[in-house]
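Dropping a prediction and its sequence here:
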Amino acid sequence: MKPRVLLDCDGILSDFVGGYLRLLEQHTGLVRTRDEVTAFDIGASLGLTPEQSSRMKRAIGEHEHFARSLAVYPGAVAGVAELQRIADVYIVTSPWNSNPTWTHDREQWLVEHFGIPPSRVVHTSAKHLVRGDMLVDDKTSTLVEWEREHPTGIPIQWMTPHNEADDWTGYSTRDWSTLCAMVDARGEAVLR
């Protein structure tokens, strides 16, 4: 029996920040770099006004196929393939409810780039409700909430510039080989 690994999408597999920055320039004329995104709230991190932040949320909500247009992070395809060899991988991803094509586009993107079928994708912001042996996510508050609900599970923070300053003392990595070694060790424990 392989361990069940719950894997977030944005920030780990898909480059949401890059897509956001492209739309920011198109809709506001502001040019910002990913190095400036140092907190999970991108708008606040970039010093956007409330009006600019609202404009960006609307732009994403109205952008047809935004989720499908996002770039794949380097190394993610090979990393997920290795992870699937040693674990049952499910994608647990938050939907963008105001975007009418988001869920379908996310599922098609995952099939196209990773071969992950829609039956292995859970769309929810309430990730703490999903049971697994491990959750890999870039949002620290999600990991804290999931760990509270699943005390025998292992939350793993996928390290990014926007979570470096977070107060997290649990497992962290931004390397697929390290993640696979952690999962493989957990899998050996599950089999015993």
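Structure received. Numbers count the residues shown, from 1 in each chain.

Please enumerate residues in contact with stretch 155-167?
Stretch 155-167 has contacts (CB atoms under 8 Å, 6 or more residues apart in numbering) with 8, 11-12, 17, 34-35, 37-40, 42, 45, 134-140, 143-144, 146-147, 168, 170-174, 179, 182. Where C-beta positions appear, they are placed from N, C-alpha and C, glycine not excepted.

Three-state assignment for Val89, please.
strand (DSSP: H, G, I helix; E, B strand; the rest coil).

Could you report the distance from it to Asp133?
Val89 sits 11 Å away from Asp133, going by CB to CB, to the nearest Å.

just Ser69 next, same as before
Ser69 is 32 Å from Asp133, where distance means CB to CB.

okay, these two: which has more neighbours?
More crowded of Ser69 and Asp133, by other CB atoms under 10 Å: Asp133, with 21 against 15.

per-residue confidence for the more buried one?
With respect to pLDDT, Asp133 scores 96.

And Met1, by the same measure?
We have a pLDDT of 84 for Met1.

what about it, neighbour count?
The number of residues packed near Met1 is 8, by other CB under 10 Å.

Tell me the spacing between it and Phe40.
34 Å.

just for this structure, where's the confidence low?
187-192 (pLDDT under 70).

swap the cut-off to 90 and go again
1, 64, 184-192 (pLDDT under 90).

Which residue ranges of it form strands?
Along the chain, counting by DSSP state E, strands occupy 4-7, 88-93, 121-123, 134-137, 154-158, 171-173.

number of nearby residues for the residue nearest to Glu36 when sequence neighbours are not counted?
Spatially, and ignoring its direct neighbours in sequence, Glu36 is nearest to Leu46 (5.7 Å; CB to CB, 6 or more residues apart in numbering). Leu46: 20 surrounding residues under other CB under 10 Å.

Tell me who's in contact with Leu46.
Shown in contact with Leu46 (CB under 8 Å, 6+ apart): 24, 30, 32, 36-37.

The nearest residue to Gln108 once chain neighbours are set aside and Glu149, how far apart?
With sequence-adjacent residues excluded and distances taken as CB to CB, 6+ apart, Gln108 is closest to Arg68, at 5.9 Å. Using CB to CB, Arg68 is found at 31 Å from Glu149.

who has more neighbours, these two?
Using other CB under 10 Å as the criterion, Arg68 and Glu149 rank with Arg68 on top: 18 against 14.

Now for the more buried one: which residues touch it?
Arg68 touches 101, 105-106, 108-109, counting by CB under 8 Å, 6+ apart.

for the protein, what spans make up the helices?
Applying DSSP state H to the chain gives helices spanning 16-28, 42-45, 50-62, 66-69, 76-86, 102-114, 140-149, 176-191.
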